[in-house]
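Peer 1: Structure for this input, please:
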Amino acid sequence: MESINVNDKFDLINDLWKPRVIAELNGQQVKISKVKGEFVWHDHKDEDELFYILKGKMIMEFRDKKVEVNEGKMIVVPKGVEHRPIAEEEVWMMLFEPQNIKYTGDVKSDLTIDNYEKI
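Peer 2: Now for the predicted structure:
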């Protein structure tokens, strides 16, 4: 039980679209990531995802609409909903997800991650 300086953790990240685990609770992982550009279209059949934007602005694209998520705001993507995060400029985000979630769902791409680094 110790406090976590999230900004210090972001200083350890030098790449994009590669979330790091900073905490775990109740079968969930708290991850942080720097992102820029477009992610892949994907869904998570059995898991919801929460995206909280700490710095910048992200667009969460769905097949039927786009939702702007500004700094200090969050969005929950329900399980089974196809989505794609987009960031024109670098964004710092925090994710709350089940420990067993597949990063790109069933989609395989260069961005797929099988094991998350803990920092």
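Peer 1: Okay, buried residues for stretch 24-44 please.
Peer 2: 28-35, 39-40, 42-44 (16 or more other C-beta atoms under 10 Å). Using the backbone N, CA and C atoms, a C-beta is placed for each residue, glycine as well.
Peer 1: Show the average pLDDT along it.
Peer 2: For stretch 24-44, mean pLDDT is 95.
Peer 1: what residues are up against the nearest residue to residue 63 once chain neighbours are set aside?
Peer 2: Excluding the flanking residues, the one nearest residue 63 by C-beta to C-beta, 6 or more residues apart in numbering is residue 82, at 5.6 Å. Contacts for residue 82 (C-beta atoms under 8 Å, 6 or more residues apart in numbering) come out as 41, 42, 43, 62, 63.
Peer 1: of those residues, closest to residue 52?
Peer 2: Among those, residue 62 lies closest to residue 52 (C-beta to C-beta), at 18.2 Å.
Peer 1: surely residue 72 meets residue 53?
Peer 2: Yes - with contact defined as C-beta atoms under 8 Å, residue 72 counts as touching residue 53 (6.9 Å).
Peer 1: More neighbours: which of these two?
Peer 2: Taking neighbours as other C-beta atoms under 10 Å, residue 72 and residue 53 compare with residue 53 leading, 22 against 9.
Peer 1: Over to the more buried one: give its phi and psi.
Peer 2: phi -90, psi 120 (degrees, to the nearest 10).
Peer 1: and what of residue 109?
Peer 2: According to degrees, to the nearest 10, residue 109 has phi -150, psi 180.
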